[in-house]
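**Q** prediction below, plus the sequence it came from.
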Amino acid sequence: LLADISQGTRNFRVVCGDRTIKKGEIVAFAPLGAHVQGVLIEEKTLQGEISEGMLVSAEELGLYEEKLAVLRLDSTFSLGESLEKLYDPVLHCSFTPNLGHCQSALGIARELGAYFCLPLQPYSPSIVPAIQDFVIESTEDCSCYSTLTLEDVPSCSSPFWLRSSLQKAGHSPSFLLVDLLHYVTLLTGQPMHAFSLDALIGKVPSIRKIPTDTPLVFLDGARRVCPRGALGIYAEEKLLALGGIMGSKASAVEDSTRSYLIEAAHFSPTSIRKTSTAMQLRSHSSHLFERGIDPTLGTTALSLVAELLSTIAGKKVACTMQTSTLPPANRQIVCRKSRVEQVLGISMSIQQIEDIFARLDCPSILSDGEELEVIIPHYRNDLQEEIDLIEEIARIEGLSQSESLAPSAPLPPVPQDPFYRFSKKIRYRCLQLGFDECVTPDLISEKWAAVTEETSLRKKDLVKALYAKSEEFAVLRPSLLTNLLHNFSKRASRLDF
């Protein structure tokens, strides 16, 4: 395919193997003299035509793996502009399981804002949900269930910025709506799932426990058995998804789907972890639910999906939002100034402590002289006790402020047991006579136990450990000779004599 390329100030003719490019598209172009994957781009003659450069793919630019197709850019790029801004730094963050609130861009922004004293720009949802009486069998396992219904969604491809963001985060772009769900999940930490309205009988899903072991074909094409007691999303009696883990193939959406129902729920970490472990099935959604998410975030995430969809489509998409319940009240924990100073070993004023809690989005009220009633935001599942708040103060204030004290650990008195004193005397006497003491474990392998089988116990009489940590520590030693021979063989192999 011959393509005429404009760089703004100059035109080029390029031989290209991608026959899907269209007139007017903004694409990535490597002119003569550029280096792509260490190869110098030179003028070449291909099939009798001179190629004055090369149209490159995202993979050839080292951005991410994609089909070997020319990289399409969006209108934020002008003709002849350098592609340097494509190489945004990607941060790989690792968190302990109790920090579920950090598993998103929003959570990381909160942490950075608290550390650098920067205010977070809040997002105000534009859609007000209506209260819907969803059938939820166990409110302990599913405390909140929200849905967004989208009608007549136009067919359009995902813009470059959306595809690029997902690729950098390790997700493979699909089509617009699914890409938006993944993108908003990465932003907010709220997992969402889309159903085709055609798969919903009555268009109102219910959340019930699966009564018996039920086979289901999942989105990945694998057929698995959903265990009894797991949370299922039903349309009347038809099982559509395993709540919080993965949907079924039968209710999957496609690029041709025009009417959707998107769910955003708050599932119990214990329930999801139990089901996910039993089925040996992990997904991005189950990973987030197991660590705990904000129970009030569902409607916010759904509203953001609707707004982004309308912006990309260029017109307002008809939608309605419903939720099962209003946000619950915030928890409160009392934090004492005296306890903070006792644990951290530093002197702090009430005002300092209040300021730190304010930076952490935990407003506080002075209740009794030096006691603060701290209001815990819904997304901070890790803050359960006063000591957790003190740990947050230390994290923000810095442990370098604390006075270093040597740990005090008084030793207990030595027991004056006659047998202990006698055995100790014998041990010292043997060492004085030139003997070597050999301290060995009680557990050995069956292989080494067989070495002394003729002079000790037979294999069938060996005492086996119920929960051996390895084959090397599987049975009780039948004789001290076994350990001595084992040690001698190890020393002999190293010529340690």
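**A** Here it is on my side, so go on. Numbers count the residues shown, from 1 in each chain.
**Q** what ranges does the protein have for its helices?
**A** 105-116, 160-168, 176-188, 269-279, 284-291, 298-313, 337-344, 350-359, 386-397, 418-432, 446-449, 480-493 (DSSP state H).
**Q** do you know which of the ones you listed lies nearest R208?
**A** Distance to R208, taken as Cβ to Cβ, is lowest for helix 269-279 among those, at 12.7 Å. All C-beta atoms are positioned from the backbone trio N, CA, C, and that covers glycine.
**Q** state the mean pLDDT of that closest one.
**A** What helix 269-279 shows for mean pLDDT is 93.
**Q** isn't I444 up against L481?
**A** No: the pair I444 / L481 is not scored as a contact, 11.2 Å apart, by Cβ atoms under 8 Å.
**Q** who has more neighbours out of these two?
**A** Counted by other Cβ atoms under 10 Å, I444 and L481 do not tie: I444 has more neighbours, with 22 against 13.
**Q** so the more buried one bridges to which residues?
**A** For I444, the beta-bridge partners are V475 (DSSP bridges).
**Q** quick one on the thing from earlier: okay, the helices of the chain in CSV with distance to S248 next?
**A** What follows is the helices of the chain, written out as CSV (distance: least, Cβ to Cβ, whole Å):
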stretch, distance to S248
helix 105-116, 29
helix 160-168, 23
helix 176-188, 15
helix 269-279, 14
helix 284-291, 14
helix 298-313, 21
helix 337-344, 50
helix 350-359, 44
helix 386-397, 39
helix 418-432, 67
helix 446-449, 48
helix 480-493, 56
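**Q** quick one, which of these is nearest to H35?
**A** When the helices of the chain are ranked by proximity to H35, the top entry is helix 160-168, at 21.9 Å, counting by Cβ to Cβ.
**Q** V439 is nearest to which of the helices of the chain?
**A** When these are ranked by proximity to V439 (Cβ to Cβ), helix 480-493 comes first, at 9.2 Å.
**Q** next, count neighbours for F116.
**A** Using other Cβ under 10 Å, F116 has 8 other residues around it.
**Q** so it versus L73, what's the distance?
**A** For F116, the distance to L73 equals 33 Å [Cβ to Cβ, to the nearest Å].
**Q** which stretch among the helices of the chain comes nearest R223?
**A** That would be helix 269-279 among the helices of the chain, by Cβ to Cβ, at 12.0 Å.
**Q** ok, the residue lying closest to L166 once chain neighbours are set aside - contacts?
**A** In space, and not counting its chain neighbours, L166 is closest to P173: 5.2 Å by Cβ to Cβ, 6 or more residues apart in numbering. The contact partners of P173, by Cβ atoms under 8 Å, 6 or more residues apart in numbering, come to S158, L162, R163, L166, Q167, D179.
**Q** and what of L304?
**A** Here L304 is in contact with Y123, P125, V184, L187, T188 (criterion: Cβ under 8 Å, 6+ apart).
**Q** could you dump these to CSV with neighbour count, pLDDT and distance to C142?
**A** Converted to CSV, those look like this (neighbours: other Cβ atoms under 10 Å; pLDDT from 0 to 100; distance: Cβ to Cβ, whole Å):
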residue, neighbour count, pLDDT, distance to C142
Y123, 14, 84, 25
P125, 15, 85, 21
V184, 24, 96, 20
L187, 18, 95, 23
T188, 25, 94, 19
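**Q** and these as CSV, adding distance to F422?
**A** What follows is the contacts of L304, written out as CSV (distance: Cβ to Cβ, whole Å):
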residue, distance to F422
Y123, 76
P125, 79
V184, 74
L187, 71
T188, 70
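**Q** and the angle for the lengthiest strand in the chain with helix 176-188?
**A** Ranked by number of residues, the top strand in the chain under DSSP state E is strand 142-151. When axes from the mean of the first three to the mean of the last three Cα atoms, to 10 degrees is applied, the directions of strand 142-151 and helix 176-188 differ by 140 degrees.
**Q** buried residues, strand 142-151. List them.
**A** Residues C142, S143, C144, Y145, S146, T147, L148, T149, L150 are the ones in strand 142-151 that count as buried (16 or more other Cβ atoms under 10 Å).
**Q** same question for stretch 99-114.
**A** For stretch 99-114, by 16+ other Cβ under 10 Å, it's 99-104, 106-108, 110-111, 113-114.
**Q** now swap in stretch 166-185 and tell me
**A** The neighbour-count check on stretch 166-185 (16+ other Cβ under 10 Å) flags 166-168, 171, 173-185 as buried.
**Q** kindly report the same for stretch 379-394.
**A** Y379, R380, N381, D382, L383, E386, L389, I390, E392, I393, A394.
**Q** so where is this structure shaky, pLDDT-wise?
**A** Within the chain, the ranges that satisfy pLDDT under 70 run 64-68, 202-203, 401-407, 414-415, 495-497.
**Q** separation between the residue of it most remote from its centre and L480?
**A** Distance to the chain centre peaks in the chain at L433, reaching 62.1 Å (criterion: Cα atoms, centre = their mean). Note on L433: its distance to L480, by Cβ to Cβ, is 19 Å.
**Q** thought H101 was touching R380?
**A** Yes: assessed by Cβ under 8 Å, H101 is found in contact with R380 at 5.9 Å.
**Q** ends of stretch 247-260, how far apart?
**A** Counting by Cα to Cα, to the nearest Å, you get 14 Å between the two ends of stretch 247-260.
**Q** so for that stretch, what gets flagged as buried?
**A** Applying 16+ other Cβ under 10 Å to stretch 247-260 flags G247, S248, A250, S251, A252, V253, T257, S259, Y260 as buried.
**Q** outside of stretch 387-395, which residues touch it?
**A** Stretch 387-395 is contacted by residues 333, 335, 339-340, 343-344, 348, 353, 356-357, 360, 362, 374, 382-383, 402 when judged by Cβ under 8 Å, 6+ apart.
**Q** which members of the residues you listed are classed as buried?
**A** For the contacts of stretch 387-395, a burial check counting by 16+ other Cβ under 10 Å picks out 333, 335, 339-340, 344, 353, 356-357, 360, 362, 374, 382-383.
**Q** now, which of those sits nearest F29?
**A** L360 (48.0 Å).
**Q** which residues does the closest one contact?
**A** Taking Cβ under 8 Å, 6+ apart, we find L360 in contact with A114, E392, I396.
**Q** tell me how far stretch 247-264 lies from the chain's centre.
**A** Here the centre of stretch 247-264 is set off from its chain's centre by 23 Å, with Cα atoms, centre = their mean, to the nearest Å.
**Q** ends of it, what's the gap?
**A** Terminal residues of stretch 247-264 are spaced 13 Å apart (Cα to Cα).
**Q** repeat that for stretch 291-301.
**A** For stretch 291-301, the end-to-end distance is 18 Å (Cα to Cα).
**Q** do stretch 221-232 as well
**A** 18 Å.
**Q** also stretch 448-468?
**A** First-to-last residue span, stretch 448-468, Cα to Cα: 15 Å.
**Q** now do the buried residues in that stretch.
**A** W448, A449, V451, T452, S456, L457, L462.
**Q** and the contacts of L360 as TSV, adding distance to A264?
**A** Listed next are these as TSV, based on distance: Cβ to Cβ, whole Å:
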residue	distance to A264
A114	26
E392	28
I396	31
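**Q** so which of those residues comes closest to V36?
**A** A114 (42.9 Å).
**Q** grab the nearest non-local neighbour of that closest one.
**A** R359 (4.4 Å).
**Q** give me the number of residues near the one you found?
**A** A total of 18 residues lie near R359 under the criterion other Cβ under 10 Å.
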